[in-house]
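Q: Sequence and predicted structure, then a few things I'm wondering about:
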Amino acid sequence: MRSFSNELKTVVVKIGSSSITHDNGIINLQKIDELAWELSNLKNHGINVILVSSGAIAAGAKKLNLVSRPRDTVGKQAASAVGQVALMNTYNRAFHEFGYEAAQILLTKQIETDLMMRENSKNTFEKLLEMNVIPVVNENDTISTFEIEFGDNDTLSAVVSRIVNADLLILLSDINGLYDDDPRENPDAKLICEVVEINEELEKMAKDSNSSVGTGGMATKINAARMCMEKGIDVVIANSEELKNIRKIVEGEEIGTIFKARA
């Protein structure tokens with residue numbers, strides 16, 4: 001069984017676009033319902049939960065009947081503005097089914113460097129958690145393009161984790177964890193179960209994402225892990241295909257790759 005650096009009181013879960021949409025870009029309602037069940041069940045066990053969710057651009061592109069996901073930044077911003085409404089409506093319905101309310105929080109990466117923004121967001125998170133609400137976070141794509149261009153919310157989830165002093169960040173992806181080589185190209189690639197230090201050799205193992213829906217590759221996940229580890233927050237990268245992995249991870253099962261926080 002796996003042990004964590006801290007008692008799990010607050011858990012941040014990040015899920016990528018490809019994990020909650022079908023191949024055609026439409027929101028996968030079954031996945032949303034399963035995710036809502038898992039997070040609501042954590043709440044039932046007394047664990048504070050924050051969800052960082054991508055998917056707005058993909059959902060918006062489909063709503064706008066676009067042939068494919070926009071490639072230009074302003075096109076992505078427009079698609080996100082439309083898709084965010086559909087995405088939050090779906091999350092709100094799903095969480096309500098299990099007795100919880102969802103709150104939409106749109107942030108920019110600048111919350112970590114702007115002291116007033118940071119304090120305001122921290123206070124809002126704390127109040128929502130106190131009110132037993134599940135915050136659903138995404139980047140404010142209409143005014144910020146950092147995550148659009150660089151990370152599919154991996155970086156933002158690390159920023160949120162640092163602000164709320166989370167005990168664990170779970171990064172759900174379409175891969176089982178960090179491998180010593182790309183498992184899609186090398187069948188002999190081995191899963192690395194635990195990382196205690198991020199060095200140059202480990203960074204070379206990261207590969208860019210090949211997903212047409214998401215933008216975040218392993219490199220952004222490793223960077224997110226580094227940001228959390230230095231603040232005493234454990235990070236687990238795991239496959240989103242089986243969302244019951246969330247509860248298994250919290251229960252200490254050795255799933256995915258854990259990046260252990262520094263003491």
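A: Thanks, I have the structure now.
Q: Pretty sure Gln49 sits against Ile134.
A: That one is not Gln; residue 49 is Val. Yes: applying C-beta atoms under 8 Å as the test, Val49 and Ile134 come out as touching, 5.6 Å apart. For glycine as for every other residue, the C-beta is placed from the backbone atoms N, C-alpha and C.
Q: overlap in contacts of those two?
A: Common contact partners of Val49 and Ile134 (C-beta atoms under 8 Å, 6 or more residues apart in numbering): 39, 43.
Q: how far away is the nearest residue to Glu194 once chain neighbours are set aside from Leu29?
A: Among residues not flanking Glu194 along the chain, Ile258 sits closest, at 5.3 Å (C-beta to C-beta, 6 or more residues apart in numbering). Ile258 sits 31 Å away from Leu29, going by C-beta to C-beta, to the nearest Å.
Q: For those two, indicate the residue with more neighbours.
A: Ile258 (26 against 13; other C-beta atoms under 10 Å).
Q: Please list all residues in contact with the residue located most distally from the centre of the chain.
A: Using C-alpha atoms, centre = their mean, the residue of the chain lying farthest from its centre is Asp188. It sits 27.9 Å away. Counting by C-beta under 8 Å, 6+ apart, Asp188 touches Asp181.
Q: part of a strand, is it?
A: No: counting by DSSP: H, G, I helix; E, B strand; the rest coil, Asp188 is located in no strand; its state is coil.
Q: Local confidence estimate at it?
A: On pLDDT, Asp188 comes in at 89.
Q: mind listing the strands for the stretch 151-263 of the chain?
A: Counting by DSSP state E, counting those that start in this stretch, one finds strands in the stretch 151-263 of the chain at the ranges 168-173, 194-195, 234-239, 257-259.
Q: for these, which one ends up most surrounded?
A: strand 168-173 (a mean of 27; mean count of other C-beta atoms under 10 Å).
Q: Could you tell me which strands sit next to that one in the sheet, and their orientation?
A: strand 10-15 (parallel), strand 234-239 (parallel) (DSSP bridges).
Q: give me the low-pLDDT residue ranges for this structure?
A: Scanning the chain for pLDDT under 70 picks out 141-152, 205-216, 263.
Q: In it, where's the longest helix?
A: helix 73-97 (DSSP state H).
Q: List the buried residues for that one?
A: For helix 73-97, the neighbour count (16 or more other C-beta atoms under 10 Å) marks 75-80, 82-84, 86-88, 90-92, 94-95 as buried.
Q: swap in stretch 118-130?
A: 118, 121-122, 125, 128-129.
Q: Report the secondary structure state of Val136.
A: Under three-state DSSP, Val136 comes out as strand.
Q: quick one, what contacts it?
A: Val136 neighbours (C-beta under 8 Å, 6+ apart): 51, 53, 88, 91, 102-105.
Q: how about a cut-off of 10 Å?
A: The neighbourhood of Val136, defined by C-beta atoms under 10 Å, 6 or more residues apart in numbering, consists of 39, 50-53, 84, 87-88, 91-92, 95, 102-106.
Q: One more: Arg118?
A: Contacts of Arg118 (C-beta under 10 Å, 6+ apart): 110-112, 159, 162-163.
Q: now do 7 Å
A: Taking C-beta atoms under 7 Å, 6 or more residues apart in numbering, we find Arg118 in contact with 111-112, 163.
Q: got those residues as CSV, with distance to Leu171 and neighbour count columns?
A: Output for those, formatted as CSV (distance: C-beta to C-beta, whole Å; neighbours: other C-beta atoms under 10 Å):
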residue, distance to Leu171, neighbour count
Ile111, 19, 20
Glu112, 18, 19
Ile163, 17, 21
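Q: from those residues, which is closest to Asp181?
A: Glu112 (32.8 Å; C-beta to C-beta).
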